[in-house]
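What follows is a protein structure lacking sequence information:
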C-alpha cells in the first residue's frame, strides 16, 4: 500500500476529491428530494422517464462500449501494453466477463526440461548475418488452394498463379483456423487455434504475446498493420497494438467513405493502393502486415466490376477474382517504388473457405465443431 500511494498519489488524490463531491451531492439531493408518491403530474412523469432513459443509455454504453461487439479484455490493448492491462480493466468487469469462460487445464505429458532437450523450439542461426530486408506479409481473406492453379482444376487467381512461377511455393498446407479472428494470431504470432474460444476473445487476450512485429521491432523495424475493415472489427486493432505493431491503418485512417463496401469496410483495390503509397513513406527496414477484406461474406464486388470476374456455384469465386485483381494492381504500383527490390513478400490465407471438395468441407465442419 505505501508503494502504491507513492507511485499513484494523483489517483488517490482524485479518489478523495470525487468522494467529497459525491458526498456533498448526495446530501444536497437528500435535502431537496420529493417523496415517491403517485401524485406526479404528467410533465413530471415525462421528466423522470427522460432522466431514467438517459441514465440507462449511459450505463449501457459504459458496460458494453460502442463497437459492433461488446468490449473485451483485449480492448484495453488500445490504451496500454500487456504489462498494464490489469490496471486499465476494473475488477467487476473482469469477473462478469470471465465467469462463463472455461480456462485451459495445464497438461504435462513429460518434464519441461526433457521436452526442451528433445525438441528445442528456439532456433538460433549465429553463423548467418541478419539481412534487414523489408517484410510485407499479405494475408488473403478466405483464400484456398482450391481456387488457385494449385487446385488442379480451373483457377480463378491468374495473378496469384503468375507470382507462383517466380516464388517459393508451399503446396501442402492445412488451414489452422476456421475464422479470421483465429487466423490472424495464427499467422502473425504462431498461435494456433487450440482453445474453445478464439484467443482474441479469451481471458488470455491480455497476456504478453510475441509476434513478427515484436521480434522485428527489436531489430529496428518500423511495424504497421493494414486492414480496410471498420476499426474495432474482431478487435484486430487491439491485437495489433498488443503484439507489437506501432501503426494501425483501417477504415478510419483511410478516411474516404466513397470506397466503403456497405458491409465490412473499404474495397480491396483502393485500400491496397493506399497501403502501397503509405508504405512508400517509410524508411527501411519495415514490416507491413496487410489483411485483405473483400473476399469475406457476403462476397460482393464493386458495381463497376459486375460480371468482370468468373462466377460459379460457389458464391465466393467472384470476390476471389476481384481480390486477385486488386493484388495485381498493388504489385504494379509497388514495383515502381524504391523499397520493392529489397522486400520479402509473404502471401498466405487467414483460413480456407467454402469448397466443392468433400474432404475440405468435412475438415471445416470438424474445425467449427471443435
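That came through fine. Remember, predicted model here, so these are calculated numbers, not experimental data.

residues near residue 315, how many?
Residue 315 has 13 neighbouring residues, counting by other CB atoms under 10 Å. (Glycine included, C-beta is placed from N, CA and C.)

pLDDT wise, what is it at?
With respect to pLDDT, residue 315 scores 92.

And residue 67, by the same measure?
pLDDT, residue 67: 68.

Any regions of the stretch 151-300 of the chain where pLDDT drops low?
For the stretch 151-300 of the chain, no stretch has pLDDT under 70.

Which stretches in it count as strands?
Shown for the stretch 151-300 of the chain, the strands assigned by DSSP state E, counting those that start in this stretch span residues 222-227, 247-249, 286-291.

can you redo the ones you listed as TSV with mean neighbour count and distance to residue 320?
As requested, the strands of the stretch 151-300 of the chain are exported to TSV (neighbours: other CB atoms under 10 Å; distance: least, CB to CB, whole Å):
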stretch	mean neighbour count	distance to residue 320
strand 222-227	24	18
strand 247-249	20	23
strand 286-291	25	15
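
Ok, which of the ones you listed comes nearest residue 152?
strand 286-291 (27.5 Å; CB to CB).

that older thread, need the strands of the stretch 151-300 of the chain in JSON lines (columns: distance to residue 81).
JSON lines is the format used below for these (distance: least, CB to CB, whole Å):
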{"stretch": "strand 222-227", "distance to residue 81": "14"}
{"stretch": "strand 247-249", "distance to residue 81": "15"}
{"stretch": "strand 286-291", "distance to residue 81": "18"}
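
show me where pLDDT drops low in the stretch 1-150 of the chain?
Scanning the stretch 1-150 of the chain for pLDDT under 70 picks out 32-38, 67-69, 101-102.

Which stretches in it count as helices?
For the stretch 1-150 of the chain, the helices defined by DSSP state H, counting those that start in this stretch cover 2-7, 9-31, 42-64, 85-88, 91-98, 112-118.

residues making contact with the third one?
So the one you mean is helix 42-64. Helix 42-64 has contacts (CB atoms under 8 Å, 6 or more residues apart in numbering) with 40, 70-71.

out of these, who has the most neighbours?
With neighbours defined as other CB under 10 Å, the most crowded of those is residue 71; it has 19 neighbours.

Report the separation between the nearest residue to that residue once chain neighbours are set aside and residue 229.
Leaving aside its sequence neighbours, residue 71 sits nearest to residue 65 (CB to CB, 6 or more residues apart in numbering; 3.8 Å). Using CB to CB, to the nearest Å, we find residue 65 at a distance of 17 Å from residue 229.

quick one: which of those two has more around it?
Relative neighbour count places residue 229 above the other of residue 65 and residue 229, with 23 against 14, counting by other CB under 10 Å.

how much space between that one and residue 137?
Residue 229 sits 17 Å away from residue 137 when distances are taken as CB to CB.

likewise residue 7?
According to CB to CB, residue 7 stands 39 Å off from residue 137.

These two: who's more crowded?
residue 137 (19 against 9).

and the more buried one, bridged to which residues?
Beta-bridge partners for residue 137, by DSSP bridges, are residue 289, residue 346.

and it, what does it touch?
The neighbours of residue 137, taking CB under 8 Å, 6+ apart as the test, are 187-188, 212, 287-290, 346, 348.

can you list these in TSV and add distance to residue 29?
Shown next, in TSV, are the contacts of residue 137 (distance: CB to CB, whole Å):
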residue	distance to residue 29
187	55
188	52
212	55
287	56
288	55
289	53
290	55
346	62
348	60
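
ok, of those, which one's closest to residue 125?
Top of the list for closeness to residue 125, among those and by CB to CB, is residue 212 at 16.4 Å.

OK, contacts around the closest one?
135, 137, 188-189, 287, 289 are the contacts of residue 212 under CB under 8 Å, 6+ apart.

Mind telling me the two of the residues you listed farthest from one another?
That would be 135 and 189, which, of the contacts of residue 212, are the farthest apart (CB to CB) at 14.8 Å.

Touching, residue 98 and residue 202? I think so.
No: using CB atoms under 8 Å, residue 98 is not in contact with residue 202; the gap is 9.4 Å.

Which one's more surrounded, those two?
residue 202 (20 against 13).

Can you tell me the closest non-neighbouring residue to the more buried one?
Excluding the flanking residues, the one nearest residue 202 by CB to CB, 6+ apart is residue 195, at 5.9 Å.

Got phi/psi on the one you found?
Reported as degrees, to the nearest 10, the phi and psi values for residue 195 are phi -120, psi 160.

Could you tell me how far the residue of the chain positioned farthest from its centre is located from residue 45?
Distance from the centre of the chain peaks at residue 39, with 54.1 Å (CA atoms, centre = their mean). Relative to residue 45, residue 39 is positioned 11 Å away (CB to CB).

cool, residue 307 as well?
Applying CB to CB, the value for residue 307 to residue 45 is 59 Å.

Please identify which of these two sits among more neighbours.
Per other CB under 10 Å, whichever of residue 307 and residue 45 has more neighbours is residue 45, with 11 against 8.

ok, now how distant is the more buried one from residue 246?
For residue 45 relative to residue 246 (CB to CB), the value is 54 Å.

Same question for residue 290.
15 Å.

got it, and residue 72?
Taking CB to CB, one finds residue 72 at 22 Å from residue 246.

wait, doesn't residue 201 sit right on residue 182?
No: between residue 201 and residue 182 there is no contact, the gap being 9.7 Å when judged by CB under 8 Å.
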